[in-house]
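Peer 1: Quick one, fold the following:
(chains A and B)
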Number of protein chains: 2
Amino acid sequence: MSAVLAPGADVATRPALSKLANAIRFLAIDAIVRAGEGHQGVPLGMAEIATALYTRHLKFLPADPTWADRDRVVLSNGHGSMLLYALLYLTGYEAISIDQVQRFREMGSHCEGHPEIAPAHGIEVTTGPLGQGIADAFGMAVAEAYLNARFGSGLVDHHTYAFVGDGCLQEGIGQEMISLAGHLRLGKLVLLWDDNRITDDGSTALSISENVAERFRVADWHVVEVDGHDLEAVAAALAAAKLDPRPSMIACRTVIARGLARLQGQRGGHSGRLYPEDADIAREELDWPHAPFEVPAQVLEAWRDAGRRSAEKHAAWQARHAALAPAERAEFDRVIAGRLPDGWRETLLAYKRQASERSDSPGGIMISAEINDLLTDVLPERMVGCADLEAPTSHKRRLAAFTAADRSGAYVHCGVREHLMGAMANGMAAHGGVIPLAVTYLAFSDYERPAMRMAALMGLPVKFIFSHDSIGVGRNGPTHQPVEILASLRAMPNMLVLRPADAVEAAECWEIALEHTSGPVTMVFARQALPLVRRTHQSDNLSRRGGYVLAEAESGARQVTLMSTGSEVAIALQARDLLQAQGIPTAVVSMPSWELFDAQDAAYRACVLPRGGVRVAVEAAVRFGWDRHLGERGGFIGMSGFGASGPAEELYEHFGIVPSAVAAEAKRLLQPGS
Amino acid sequence: MSAVLAPGADVATRPALSKLANAIRFLAIDAIVRAGEGHQGVPLGMAEIATALYTRHLKFLPADPTWADRDRVVLSNGHGSMLLYALLYLTGYEAISIDQVQRFREMGSHCEGHPEIAPAHGIEVTTGPLGQGIADAFGMAVAEAYLNARFGSGLVDHHTYAFVGDGCLQEGIGQEMISLAGHLRLGKLVLLWDDNRITDDGSTALSISENVAERFRVADWHVVEVDGHDLEAVAAALAAAKLDPRPSMIACRTVIARGLARLQGQRGGHSGRLYPEDADIAREELDWPHAPFEVPAQVLEAWRDAGRRSAEKHAAWQARHAALAPAERAEFDRVIAGRLPDGWRETLLAYKRQASERSDSPGGIMISAEINDLLTDVLPERMVGCADLEAPTSHKRRLAAFTAADRSGAYVHCGVREHLMGAMANGMAAHGGVIPLAVTYLAFSDYERPAMRMAALMGLPVKFIFSHDSIGVGRNGPTHQPVEILASLRAMPNMLVLRPADAVEAAECWEIALEHTSGPVTMVFARQALPLVRRTHQSDNLSRRGGYVLAEAESGARQVTLMSTGSEVAIALQARDLLQAQGIPTAVVSMPSWELFDAQDAAYRACVLPRGGVRVAVEAAVRFGWDRHLGERGGFIGMSGFGASGPAEELYEHFGIVPSAVAAEAKRLLQPGS
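Peer 2: Next up, the predicted model:
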């Protein structure tokens, strides 16, 4: 610990820690006044809490912001972003200069309205939508525990801290996190709760009466209740938290917007407009006779000292890392960097070759399960979360469970908590060192969707895997039958959606998914059997083009193009047989990924979908979005509303998603004047 | 109470209640064996619980299934649907005949895989996606309390019961419900928890350790723990629940699939395949020597008696209803039937007329807030829920809060619990007597989406209202800026999406929304000011067409059609000015609702969007879905990815959503060969 900040250091040589906390306050006030908007409640209310964490406990080194074994910090109440920016500037993160702070909320500033992921700047994840941050932190703590078990405490042994407000704890995802983190005994997860009893609407008494601390205790958390403005008390609570084997919740009783006479403790403290006069009065009251954005040198130096506190730990870690056996070091460096190991592609290619020759037709999701199981041998950094659907999705197999007692397991039984599962995967990916998969039914992706959006926004390489992707679900009925969900996911920016048609395409889609690191992937599988549609073996990954000619027209120039994805490709092929038998040259285009197809050059797309002729799209889902591919004379065979409860085959008949209907639609469109 | 079932009745004349419970068991077993699939865990595990409720406590009359003051029953663990179907058949709901039960899970049967809303059949809501049911039940209890305050106990005074499994309570939405129901002290809400310690993955110990009963107690619930197979104990717990002013959770310790020797208490009890031999063994063990689907006459008669238990209460209620003053009765009947009152349309028309003449430009959401406030005078059945955004959405104003102490308030402070809010609104709509609105930011609609899907699937007339609908949100940045969400909602079947361009269209969209009762409506408003684009006053509701010519081309035949919605219509109008000034006849089509436009006949659509010429769509959202309207030569000005943090005007410039870009795109498309 730095001499300047050690509790026993000479008082004369160091500014009071309260001054350090006030430095946060005034950076926040000045930035918010200047921007004309912002949320002062958090940075002013949590200034002492943050000061205690950063000057006494946090293991971090702004000079090496992406140090693999750094403690992670998540500002789950992301609207209080100025708290984080102030800390990053004060402790010396190069990217967060005073100029950036002054440009808070301006276009192009690193100090955006809500924190946006930038580990090199000290921002671990994007936060704002409430509850996401603490669920991300949960995922980071899971990843840490797994990597700790895998590589040992010498390499991975850090805490994950999250600042959290009332909103995060009211959200369902926050409650899911409380329950599962307690169950898994994630002892290195520490929440700092800003118990200010104010939300946007006013008093928390408007919407909650329960004893929040007690709710955590029920879920087996270690809970400490402190005065959040008593820096020493917070520091002591943090020390206790680090000793306790349970996850810790430090309930910090605070005054929202503390320091602003007009607003503190009030509803307006949350984000009510600040004026220069408010800043002036606060300067007077808090004895802060410094210009806006000016931090007195001694205070700044004390903060910079805090930013160097972990230098020795960092050096010791580097020494341990350097002393590793080369193979172990290489493996550690590989997984931290997110590089794939040797052999993974060969595993998939071997599967694909075998798949192209097999005679059985496994269920779609079982194909993914087989591939996932094969990867157990070559991809030890893969972690699978599943929301209580182990048997029907089968992505556990040889994986052990990650439990309170055994951190080496790579399969997390998430319980019926899809939303947490998605955000957990985000936190794992943001942490690094693991490749997270999240598995459930496609109909329940809506529960997970806010986390999927965050993955897309952050560009995190999460693999979202879904089964039961259409009316093929059958008798469980319309609640469990997605019809609009493919469209809703295809609409999401930076979300790569893959819907393979058979085992060969599934192997290709898995290859694409593992290579894809600039954002999340959604892989969608049928529950029902997927007969083989790609009987010829190619080592080329045809799915990488997004869409390709699976069967070209025969006996003449192409008149009809049938486009399809997933389980309906087989129907399109049968329709092609009907049309060819009637002398109508018909091609089938398989389109496992619209995003990838759209990314091809115009020449390729025109080759797959030439001008002229007619096109019919076939998908057991709504038409929405397909018009982009239908051209001037196009039709659609699929769903126009929700599904129904009945055997899958009967449902396909009932809704007319059958070869004869596809052929009929093509012939209708071929009529002149249609 | 029926003599046959009264605790003191002559034992010789009535079958043991255990026989009644076993009637449920064997109907479930026989139906599931016959269907070849289903979930036996719930009906077998909860048979005694259900028998206690239906024979001792439930106020219901199968002969008048939609009696306004009936107790509501929700099967939140909807996969156990055979529990409900068995109860409905046994107690005498006409629609659920033994033939229907025998056709469980077949196409067209009323006994679908999961219960699907059909109040006339005794099915109050569709359930299946876990957690939705108990949140619906919460909404029903809120509606009941409000209507009780409004009309008095003589007309509305019933309980809401929900069967619930572990999954519902693990889900975040379930946790949100626990918290808010305790806070609001909804004493007539009673949960019957199937505490069988098994989920699909196996033991609940895989994913939860907390004491669930304790978690409820923390949230101020009345909790009773009983043996779920002790019918008298459950009946006593129900009696206690009815006396307690807090919501009640009856924790019923049960054995999953009880009665099936091979599966009871096991993971496979949940939904493992049942065979005829299982049924045979159960018949032996439970002394049930009856053929499949045969219920012995005495048992059936006892059940039918239970279905007549409330006949006296029903008659008394009808007498009270008949004795009401005519005006009060008419008003009660009106709101229960969901008929709008006199005067509501005039209120909107008056607002629209004034709006077409006003000179200020209020924020989009503030326009909706003004309209909502006007309705306070004419639509007393309107209830508003909001997820802790009262100030920025402003849909409270003259409404009082609905609280534990005051049930007459029509505004529910939901806290930061969007998902619960959506499902609460569903439950209110399913209950009837109130018109629910749910208000939050559009970016957070994803949190609410699983409930919105249920509203669409059920065809419930919920009004989902969203503010902050685009990059116009500004500095709060991309987490808070929807870009893909309009598309994802437009993709949802039976969801009517409305995005008005100004105060005139807003009044029209409110008119449409209130008239629309066959499903939910999503109304989307900008945060920023919406300048008036409809300066001419029409009493016709032009928005009802979904899309209409707002400004026709001038000085020649139309060459360019600009299509737009919401805040971008003003940009399209400015682009039109630019193009007209260059001699290019340009029309602007406002498209507040794609669904309504698609529902128009071809002639109308061709008139609005004639063939030939070029079209440019302008929307501060992704292109996804717009291709349907772009025709052969179409372009799009909007977003291609997520937003950014900065002032709204700068963001529009940055992303090129400006009149000059629209005009340039139109001119590019007008070039030959473009």
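
Peer 1: Okay, helices next: where are they in the stretch 501-650 of chain A?
Peer 2: If DSSP state H, counting those that start in this stretch is used as the criterion, the helices of the stretch 501-650 of chain A fall at A:503-515, A:569-581, A:594-598, A:602-608, A:627-630, A:648-654.

Peer 1: mind giving me CSV with those and columns for mean pLDDT?
Peer 2: Listed next are these as CSV, based on pLDDT from 0 to 100:
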stretch, mean pLDDT
helix A:503-515, 98
helix A:569-581, 98
helix A:594-598, 98
helix A:602-608, 98
helix A:627-630, 96
helix A:648-654, 98
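
Peer 1: Among these, which comes closest to chain B?
Peer 2: Closest of these to chain B is helix A:627-630, at 4.0 Å (criterion: Cβ to the nearest Cβ). All C-beta atoms are positioned from the backbone trio N, CA, C, and that covers glycine.

Peer 1: So the closest residue in space to residue A:175 that isn't next to it in sequence: helix, strand or coil?
Peer 2: The spatially closest residue to residue A:175, leaving aside those adjacent along the chain, is residue B:175, at 3.4 Å (Cβ to Cβ, 6 or more residues apart in numbering or on different chains). Assigned with DSSP: H, G, I helix; E, B strand; the rest coil, residue B:175 falls in the helix class.

Peer 1: show me what contacts residue B:175?
Peer 2: Counting by Cβ atoms under 8 Å, 6 or more residues apart in numbering or on different chains, residue B:175 touches A:172, A:175, A:176, A:179, B:169.

Peer 1: Repeat the analysis, applying 10 Å as the threshold.
Peer 2: Listed by Cβ atoms under 10 Å, 6 or more residues apart in numbering or on different chains, the contact set of residue B:175 reads A:170-176, A:178-179, A:215, A:417, B:131, B:168-169, B:215, B:219, B:417, B:419-420.

Peer 1: Which stretch among the helices of the stretch 501-650 of chain A is buried most, on average?
Peer 2: helix A:503-515 (a mean of 25; mean count of other Cβ atoms under 10 Å in any protein chain shown).

Peer 1: any idea how far it is from the chain center?
Peer 2: Centroid displacement of helix A:503-515 relative to its chain, using Cα atoms, centre = their mean, to the nearest Å, is 21 Å.

Peer 1: circling back: let me have the helices of the stretch 501-650 of chain A in a markdown table, extended by distance to residue B:54.
Peer 2: Output for those, formatted as a markdown table (distance: least, Cβ to Cβ, whole Å):
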| stretch | distance to residue B:54 |
| --- | --- |
| helix A:503-515 | 48 |
| helix A:569-581 | 46 |
| helix A:594-598 | 50 |
| helix A:602-608 | 60 |
| helix A:627-630 | 51 |
| helix A:648-654 | 33 |
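
Peer 1: Residue of chain A nearest chain B, please.
Peer 2: Closest point on chain A to chain B, by Cβ to the nearest Cβ, is residue A:172, at 2.0 Å.

Peer 1: correct me, but residue A:216 touches residue A:193?
Peer 2: Yes. With contact defined as Cβ atoms under 10 Å, residue A:216 reaches residue A:193; the gap is 8.8 Å.

Peer 1: can you list the residues of the stretch 1-150 of chain A near chain B?
Peer 2: Applying Cβ under 10 Å from any Cβ of the partner chain, we find that the stretch 1-150 of chain A lies next to chain B at A:35-39, A:78-79, A:81, A:104-109, A:111-116, A:126-132, A:135.

Peer 1: Just the buried ones from those?
Peer 2: Buried subset of those (neighbour count, 16 or more other Cβ atoms under 10 Å in any protein chain shown): A:35, A:37-39, A:78-79, A:81, A:104-106, A:109, A:111-116, A:126-132, A:135.

Peer 1: so where do the helices sit in the stretch 151-300 of chain A?
Peer 2: Taking DSSP H, counting those that start in this stretch to define them, one finds helices in the stretch 151-300 of chain A at A:166-170, A:172-184, A:212-218, A:231-243, A:276-285, A:297-306.
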